[in-house]
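J.: fold the following.
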Amino acid sequence: MTVAGGSIHFKLRSGTSWKDPFPMYRMLRDHDPVHQVQPEEGHNGFWFLSRFADVLEAVRDAETFSSARGLTIESGTGVDLGEATPIVFLDPPDHTVFRRLVGSGFTPRQVSELEEDIRAFVVERIECLRESGKGDVVAELFKPLPSFVVAHYLGVPVADRPLFDLWTDQIVAAAAQGQIGDPESGVLDLLAYFSDLVERRRVEPGDDLISQLVELGEDAVSITWVLGFAFTMVTGGNDTTTGLLGGAAVLLADQPDQRRLLAEDPSLIPASIEEFLRLTSPVQNLARTVTREVVISGTSLPEGSKVLLGYGAANRDPREFGDNAEELDVQRSPARILSFGYGAHHCLGASVARLQGRVTLEELLARCPDYEVDVASMKYATGNYVRRPLNLAFSPGKRSSTTTSRPPRNKRADSSA
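T.: Numbers count the residues shown, from 1 in each chain. Have a look, this model is predicted:
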């Protein structure tokens, strides 16, 4: 399609090109919201949806927009894990059964029990940055925090966490490239480790989700089924949270008036996490395959078409969020966002990610209210689906201070996580 100023086309982003995809999203939303991308090396062509209403309709209709054929647009990718197939690659009713079995571990009450450990981890890392006077906040806090939380949930012993972190890094990198089936991805090592851990938990149960699943017995969940759950936690709970935390830190550094609001009134922080999730949209895109011919905003998509759902584009749609949709407003309180999907595939770990975001901002703004970051030197991870920083040079600022007080909690916001 051609408009004044040139042609409009969607281009997959990765690495440096993740810096600013938003003008492209804007043009597509305004002029070609159901955009056809022609086949080229690596994929057979697909459609890109950029408006909020269209993406929301698609994620609500899991029967028509199937996840079972993969969440990327690349041809010839994916891995068949049989019973260990992660929940993200399942459609109802199999998806519903899986979710019901593990969902109890992600209730607001269960999640809130992690807060003390998360806060201690965050405080320790921030204090290290304060004492050194500078550092890479991604390497020191935003990347290791979600890995710590996932390991905690899965009951990985402290002594095993260096290996767990290594495999996590490998798998997250492979998933970002759509190469999770690569033998070098770390998947086989991780699955072998959790096979051993499952057997340990049969005789030495702990207070973790792996132990809870093992207690259900082989008739309810097989070992391979538990492995699929562990794999889902690793791939879904790491780089996405890093994207949220890194993106939020940059947004607040760029908007000192918005940062001042949160620093002076920490009770605003819980609700502001929705705004950070909206604007950062760590998972920028995920694909579906349509199971029948479907019409979207007047455009017909043939059965079998790959459709890339533009969460990052949709979350900035002024048709849903108003004329200032692309600006940070920590008091916006958006009623609905697409950062965690929607409907049947709404992210199981959404409340855990919100908790990590809230605690990190509470402690960061209490201890380093005028921190500085070097956005110009920041680099983005490769991969076409998750937008996250690899590094972010940080200094605590002149007013950094040690504090033992906790910001006021917004109980209503916590309970709705």
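
J.: could you use CA atoms for every contact and neighbour count after this?
T.: Fine.

J.: next up, the contacts around the most centrally placed residue in the chain.
T.: Central residue check for the chain by Cα atoms, centre = their mean: the C-alpha nearest the mean position is that of T240, 2.8 Å away. By Cα atoms under 8 Å, 6 or more residues apart in numbering, the residues touching T240 are P282, V283, V386, R387, R388.

J.: try 7 Å
T.: When contacts are counted by Cα atoms under 7 Å, 6 or more residues apart in numbering, T240 touches P282, V283, V386.

J.: what's the pLDDT at it?
T.: If you check T240, the pLDDT there is 91.

J.: look up how far P144 lies from it.
T.: The spacing between T240 and P144, counted by Cα to Cα, to the nearest Å, is 12 Å.

J.: repeat that for V250.
T.: If you go by Cα to Cα, the gap between V250 and P144 works out to 18 Å.

J.: what's the answer for G357, then?
T.: Between G357 and P144 the distance is 13 Å, computed by Cα to Cα.

J.: out of the two, which sits in the busier spot?
T.: Taking other Cα atoms under 10 Å, G357 and P144 do not tie; G357 has more neighbours (24 against 18).

J.: surely the more buried one and G243 touch.
T.: No: at 10.5 Å, G357 does not count as touching G243 under the criterion of Cα atoms under 7 Å.

J.: need the contact list for Q36.
T.: The contact partners of Q36, by Cα under 7 Å, 6+ apart, come to F46, W47, F48.

J.: among those residues, which are located in strands?
T.: For the contacts of Q36, membership in strands holds for F46, W47, F48, with DSSP state E as the criterion.

J.: which pLDDT value goes with the last one?
T.: It refers to F48. According to the predicted model, the pLDDT of F48 comes to 98.

J.: that one pairs with what?
T.: For F48, the residues forming beta bridges with it (DSSP bridges) are H35, L308.

J.: so how far is C347 from it?
T.: For F48, the distance to C347 equals 21 Å [Cα to Cα].

J.: give me the low-pLDDT residue ranges for this protein?
T.: Across the chain, the stretches falling below the confidence threshold (pLDDT under 70) are 1-6, 75-87, 89, 93-110, 174-186, 219-220, 399-417.

J.: mind doing that once more with 90?
T.: Across the chain, residues meeting the criterion (pLDDT under 90) sit at 1-9, 40-44, 67-114, 151-239, 341-350, 383, 398-417.

J.: can you map out the strands along the stretch 51-200 of the chain?
T.: Using DSSP state E, counting those that start in this stretch, the strands of the stretch 51-200 of the chain run over residues 65-66, 135-136.

J.: single out the most deeply packed of those strands.
T.: Among the strands of the stretch 51-200 of the chain, judged by mean count of other Cα atoms under 10 Å, the one packed with the most neighbours on average is strand 65-66 (a mean of 24).

J.: which other helices and strands does it contact?
T.: Under the contact criterion of 3 or more Cα pairs under 7 Å, 6 or more residues apart in numbering; DSSP states H and E, the helices and strands touching strand 65-66 comprise strand 285-290.

J.: how far off centre is the helix or strand just after the strand it packs on?
T.: Using DSSP states H and E, the next helix or strand after strand 285-290 towards the C-terminus is strand 294-296. With Cα atoms, centre = their mean, to the nearest Å as the basis, the distance from the averaged C-alpha position of strand 294-296 to the chain average is 28 Å.

J.: so what strands line up beside strand 294-296?
T.: In its sheet, strand 294-296 lies beside strand 299-301 (antiparallel), with partners assigned from DSSP bridges.

J.: now the residue nearest to the centre of the chain: how far from Y25?
T.: When distances are taken as Cα to Cα, T240 and Y25 turn out to be 20 Å apart.

J.: ok, then the element right after the helix or strand containing R260?
T.: Following DSSP H and E, one finds R260 within helix 256-264. With elements assigned by DSSP H and E, the helix or strand that comes after helix 256-264 is helix 269-280.

J.: name the helices or strands packed onto that following helix?
T.: With contacts defined as 3+ Cα pairs under 7 Å, 6+ apart, the packing partners of helix 269-280 are helix 239-254, helix 350-367.

J.: who touches that helix?
T.: Outside helix 269-280, the residues within contact range by Cα under 7 Å, 6+ apart are 244, 247-248, 262, 315-316, 330-334, 337, 339, 354, 357-358, 410, 413.

J.: report the buried members of the residues you listed.
T.: The neighbour-count test (16 or more other Cα atoms under 10 Å) marks 244, 247-248, 262, 315-316, 330-331, 334, 337, 339, 354, 357-358 as buried among these.

J.: what sits closest to G243 if chain neighbours are left out?
T.: Excluding its sequence neighbours, the residue lying closest to G243 (Cα to Cα, 6 or more residues apart in numbering) is R388, at 4.0 Å.

J.: separation between the nearest residue to L355 once chain neighbours are set aside and Q36?
T.: Spatially, and ignoring its direct neighbours in sequence, L355 is nearest to E115 (7.3 Å; Cα to Cα, 6+ apart). Relative to Q36, E115 is positioned 44 Å away (Cα to Cα).

J.: just A53 next, same as before
T.: With Cα to Cα as the criterion, A53 and Q36 are 18 Å apart.

J.: ok, A376 next?
T.: A376 sits 33 Å away from Q36 when distances are taken as Cα to Cα.

J.: still on that earlier bit, what comes up buried for the helix holding R260?
T.: Of the residues in helix 256-264, those scored as buried under the neighbour-count criterion (16+ other Cα under 10 Å) are Q258, R259, L262, A263.

J.: need those in TSV with distance to E124, can you?
T.: Shown next, in TSV, are the buried residues of helix 256-264 (distance: Cα to Cα, whole Å):
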residue	distance to E124
Q258	26
R259	22
L262	21
A263	20
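
J.: nearest to S222 among those?
T.: Among these, L262 lies closest to S222 (Cα to Cα), at 46.4 Å.

J.: gap between stretch 111-127 and the chain center?
T.: With Cα atoms, centre = their mean as the basis, the distance from the averaged C-alpha position of stretch 111-127 to the chain average is 19 Å.

J.: which residues are in contact with that stretch?
T.: When contacts are defined by Cα under 7 Å, 6+ apart, stretch 111-127 is touched by residues E140, L141, S351, V352, V359, T360, E363.

J.: got those as a markdown table, with neighbour count columns?
T.: Formatted as a markdown table, the entries for those read as follows, by neighbours: other Cα atoms under 10 Å:
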| residue | neighbour count |
| --- | --- |
| E140 | 18 |
| L141 | 22 |
| S351 | 21 |
| V352 | 24 |
| V359 | 22 |
| T360 | 23 |
| E363 | 24 |
